[in-house]
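Asks: From the sequence below, what's the structure:
(2 chains)
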Amino acid sequence: MKTYLLVDFGSTFTKLTAVDLEKEEIIATAKAITTVEKNIILGYQKAYDKLIAKIGHDMNFDKITACSSAAGGLKMVAIGLVEELTTEAARRVCLGAGAKVELVLSHNINHHEVDQIKEKNIDIILLAGGANGGNKECVIHNAKQLAKSDIKAPIVFAGNKDATDEIEEILTAAKKEFFICENVMPRLNVLNITSAKDTIKDIFVKNIIEAKGIKKVEKLVNEVVLPTPNAVLMAAELLSNGFGDETGLGDLMLADVGGATTDIYSMSSGLPTQMNAILSGLEEPYAKRTVEGDLGMRYSSLGILETFSASEISYYKSKNVDLSFEAHKRHDDIEFISSTDADYVADDIFAGKCIDIATTRHVGTLKGVYTPMGVMYYQIGKDLTQTQYFIGTGGVVISSKDPVAILKNGITIASKPMELRPRNPEYLLDKTYILSAMGLLSIDYPEIALRIMKKYMIKL
Amino acid sequence: MKTIVIGVIGADVHAVGNKIIEYTLNKEGYNVVNVGVLSSQEDFINAAIETSASLIMVSSLYGQGELDCRGMRDKCEESGLDQILLYVGGNIVIGKQDFTEVEKRFKEMGFNRVYPPGIKIEDVLSTIKQDLGGN
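Replies: Next up is the predicted model:
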């Protein structure tokens, strides 16, 4: 029997998934609170003991590999030139690499902004600006600003290639750690993700894991290879595209409601499906991720509270749900575990709101323009109306008694007719919470990971 | 290689002339950045900033060019494009108006060159070369 143990060090929970590769089955899963402040090994050990108890006997795993979003995950700043162009391209690359984008800066950065980078304790700086052959003054100015600061974070340069030599000189002279990548926007409105994304992943594995104390577990875990959202993105992409002879599910969306953030993923080209729509703005990545730092079930529950209108709050009050009380309860005790019916009702309301708002921020929109040929529409972002599958994951969705009701919040368009949300998808649930684990497994065994996902995603 | 940003401004979807202009300028050895139809002033300007363009060439065929182009020079200046050349051409005003008058109005709006309806891009090439000083 060949077995893998896949570990996900989350900000709230450490989750373990044991897989039998020959039977293509999940042997068992277990989770425990992440103990990053004290010692990350404690949370892992607790979860491991639970896992072994479930299996009933000790295991000798052929490989133990992990992803992590613990200790704040991967925090990045995206720097570009124009907000809608290279800055947006840089931001999307960070998100696609599994980072939390703490800061987005454009044009010439000043010393206040450099101070902000320092204050936010950024892990990696992505420096972009200018299409190839285009503006290079801005990106050189910004490299100089970073060079004369005492910021230690590694700098990934992915801007106008014409500026490369000069930027190399500036950063070498300042003894900065830096990496040169392909431009994130080589031509106007064209997005180029791969090169910078791979570099960010390498830096994460080499430096960040160590800096956040996660390296300590490497005596127990063979390696930590990815930021968790990157693992989920890989899993979703594999599930959508298929691998070799094993077919995928086609276009899909995925909502992951976590303790600190709500992440939405879409696997789709997102091209217009409407005849009179004209695509506007920067190209969208096929595998797109957005992350909402203000929408989460524990750390960010007060953020959700703010998105409810006064009338919604009083409506729920009339149904005996005090949203303010419930939000504060979750925020003040991140280890809080729902147990009563009332807890679950509030959880469902919050999770539904997370998905609703996060979907609004993820999907494309239509904007009408009146032309001599009649009404035309600008399509800004992805058209996801024809998405076939909408997948739910994250503790609150998985343990809900009515996950479809929560997921439907990503579809409802009554009050949002111009949003290009899925119209009539099938709902799937990642009931065993295996997506990040399968992303990890897909590095070595994509076909097996794909078949396991197809087997374990539950149709709702 | 000099960069020229081209596109069709406002709520105008005329795409054919835009493609001909792109083809011709490419053949002449310019780096052409085409922002396409239904483009706003900001689309032209953002493209020019990122690509360090020397010239923005605005097309308009549906008669609303004057409305669509107003304030563009100011926005260029605000965006740091002090040196950029602005061309405009097509059916840029409503109805048949005296072109000398039209040209004067657009020049007052900050456009360097203004072209009448029906002009071919080939006829503009010599002026482009003259203004850009070779490519």
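
Asks: And the contacts of the helix or strand of chain A at the bottom of the mean pLDDT ranking?
Replies: Lowest by mean pLDDT, DSSP states H and E among the helices and strands of chain A is helix A:209-211, with a mean of 83. Identification of contacts with helix A:209-211 by Cβ atoms under 8 Å, 6 or more residues apart in numbering or on different chains yields A:68, A:123, A:215, A:224. Every residue, glycine included, has its C-beta placed from N, CA and C.

Asks: Let's see that with 10 Å instead.
Replies: A:9, A:66, A:68, A:70-71, A:74, A:121, A:123, A:152-153, A:203, A:215-218, A:223-225, A:227 (Cβ atoms under 10 Å, 6 or more residues apart in numbering or on different chains).

Asks: Only whichever of those are buried, select them in PyMOL.
Replies: Here is the PyMOL command that picks out the buried ones among the contacts of helix A:209-211, judged by 16 or more other Cβ atoms under 10 Å in any protein chain shown:
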select buried, chain A and resi 9+66+68+70+71+74+123+153+203+217+224+225+227
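
Asks: Inside strands: which ones of the contacts of helix A:209-211?
Replies: Cross-referencing the contacts of helix A:209-211 against strands under DSSP state E gives A:9, A:66, A:68, A:223, A:224, A:225, A:227.

Asks: Among those, which pair sits farthest apart?
Replies: Spatial extent of those (Cβ to Cβ) is set by the pair A:223 and A:227 at 13.6 Å.

Asks: which one of the ones in strands among the contacts of helix A:209-211 is nearest residue A:179?
Replies: When the ones in strands among the contacts of helix A:209-211 are compared for distance to residue A:179 (Cβ to Cβ), residue A:227 wins out at 16.6 Å.

Asks: That closest one and residue A:41, how far apart?
Replies: Using Cβ to Cβ, to the nearest Å, we find residue A:227 at a distance of 20 Å from residue A:41.

Asks: distance of the closest residue to residue A:456 other than its chain neighbours from residue A:21?
Replies: Residue nearest to residue A:456 in three dimensions, not counting chain neighbours: residue A:432, with 5.2 Å by Cβ to Cβ, 6 or more residues apart in numbering or on different chains. Distance of residue A:432 to residue A:21, computed by Cβ to Cβ: 16 Å.

Asks: Relative to residue B:5, how far out is residue B:87?
Replies: 10 Å.

Asks: Between those two, point out the one with more neighbours.
Replies: Between residue B:87 and residue B:5, residue B:5 has the larger neighbour count (other Cβ atoms under 10 Å in any protein chain shown), namely 27 against 21.

Asks: looking at the sheet around the more buried one, what are its partners?
Replies: residue B:33, residue B:56 (DSSP bridges).

Asks: give me every residue that touches it.
Replies: Counting by Cβ under 10 Å, 6+ apart, residue B:5 touches A:188, B:31-35, B:39, B:43-51, B:53-58, B:84.

Asks: what residue ranges in chain B score low on pLDDT?
Replies: Scanning chain B with the threshold set as pLDDT under 70 gives B:134-135.

Asks: where do the strands sit along it?
Replies: With DSSP E, the ranges of strands along chain B come out as B:3-8, B:31-34, B:55-60, B:85-90, B:113-115.

Asks: Go through these and name the closest to residue A:310.
Replies: Of all the strands of chain B, strand B:3-8 sits nearest to residue A:310, with 44.5 Å by Cβ to Cβ.

Asks: Spell out which parts of the stretch 301-450 of chain A neighbour chain B.
Replies: For the stretch 301-450 of chain A, the contact set with chain B under Cβ under 10 Å from any Cβ of the partner chain comprises A:368, A:369, A:370, A:371, A:372, A:373, A:375, A:376, A:377, A:378.

Asks: swap the cut-off to 7 Å and go again
Replies: With Cβ under 7 Å from any Cβ of the partner chain as the criterion, the stretch 301-450 of chain A comes near chain B at residues A:369, A:370, A:371, A:372, A:373, A:376, A:378.

Asks: Am I right that the first one sits in a helix?
Replies: If I follow you right, that is residue A:369. No: Residue A:369 is assigned strand when assessed by DSSP: H, G, I helix; E, B strand; the rest coil, not a helix.

Asks: Beta-bridge partners for it, please?
Replies: Listed by DSSP bridges, the beta-bridge partners for residue A:369 are residue A:376.

Asks: is it true that it touches residue B:13?
Replies: No: contact criterion Cβ atoms under 7 Å: residue A:369 and residue B:13 do not qualify, at 9.2 Å.

Asks: of those two, who's got more company?
Replies: Shown here are residue A:369 and residue B:13; by other Cβ under 10 Å, residue B:13 has more neighbours (19 against 15).

Asks: thought the more buried one was touching residue B:59?
Replies: No: at 11.6 Å, residue B:13 does not count as touching residue B:59 under the criterion of Cβ under 7 Å.

Asks: list residues touching both of those two?
Replies: Overlap of the contact sets of residue B:13 and residue B:59 (by Cβ atoms under 7 Å, 6 or more residues apart in numbering or on different chains) is empty.

Asks: Next, the contact list for the residue of chain B at minimum distance from chain A, please.
Replies: Of all residues in chain B, residue B:51 sits closest to chain A, at 3.8 Å by Cβ to the nearest Cβ. Residues in contact with residue B:51 (Cβ under 7 Å, 6+ apart) are A:131, A:133, A:134, A:188, B:3, B:5, B:33.

Asks: Of the residues you listed, which pair is most distant in space?
Replies: Every pair of the contacts of residue B:51 checked by Cβ to Cβ; the farthest is A:133 and B:5, at 12.9 Å.

Asks: sorry, back to before: columns distance to residue A:412 on top of the strands of chain B, output as JSON lines?
Replies: Below are the strands of chain B laid out as JSON lines (distance: least, Cβ to Cβ, whole Å):
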{"stretch": "strand B:3-8", "distance to residue A:412": "36"}
{"stretch": "strand B:31-34", "distance to residue A:412": "38"}
{"stretch": "strand B:55-60", "distance to residue A:412": "40"}
{"stretch": "strand B:85-90", "distance to residue A:412": "44"}
{"stretch": "strand B:113-115", "distance to residue A:412": "50"}
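
Asks: out of those strands, nearest to residue A:34?
Replies: Residue A:34 lies closest, by Cβ to Cβ, to one member of the strands of chain B: strand B:31-34, at 48.0 Å.

Asks: which parts of that closest one are buried?
Replies: Applying 16+ other Cβ under 10 Å to strand B:31-34 flags B:31, B:32, B:33, B:34 as buried.

Asks: how about the residues of chain B near chain A?
Replies: B:1, B:11-13, B:31, B:33, B:37-38, B:46-47, B:49-52, B:62.

Asks: again, 10 Å this time
Replies: Counting by Cβ under 10 Å from any Cβ, the residues of chain B near chain A are B:1, B:3, B:5, B:10-15, B:31, B:33-40, B:42-43, B:45-53, B:61-64, B:79-80.

Asks: hmm, which of the residues you listed are the buried ones?
Replies: For the residues of chain B next to chain A, buried by 16+ other Cβ under 10 Å: B:3, B:5, B:10-14, B:31, B:33-40, B:43, B:45-53, B:61-64, B:79-80.

Asks: sorry, back to before: find residues that contact each of residue B:87 and residue B:5.
Replies: The contact sets of residue B:87 and residue B:5 overlap at B:55, B:56, B:57, B:58 (Cβ under 10 Å, 6+ apart).

Asks: Just confirm the third one contacts residue B:69, I think it does.
Replies: No: in this structure residue B:57 lies outside contact range of residue B:69 using Cβ atoms under 10 Å: 12.0 Å.

Asks: neighbours of residue A:57, just the number please.
Replies: Neighbourhood size, residue A:57 [other Cβ under 10 Å]: 6.

Asks: One more: the one 3 residues further on?
Replies: A count of neighbours around residue A:60, defined by other Cβ under 10 Å, yields 6.

Asks: Confirm that it sits in a helix.
Replies: No: under three-state DSSP, residue A:60 sits outside any helix and is assigned coil.
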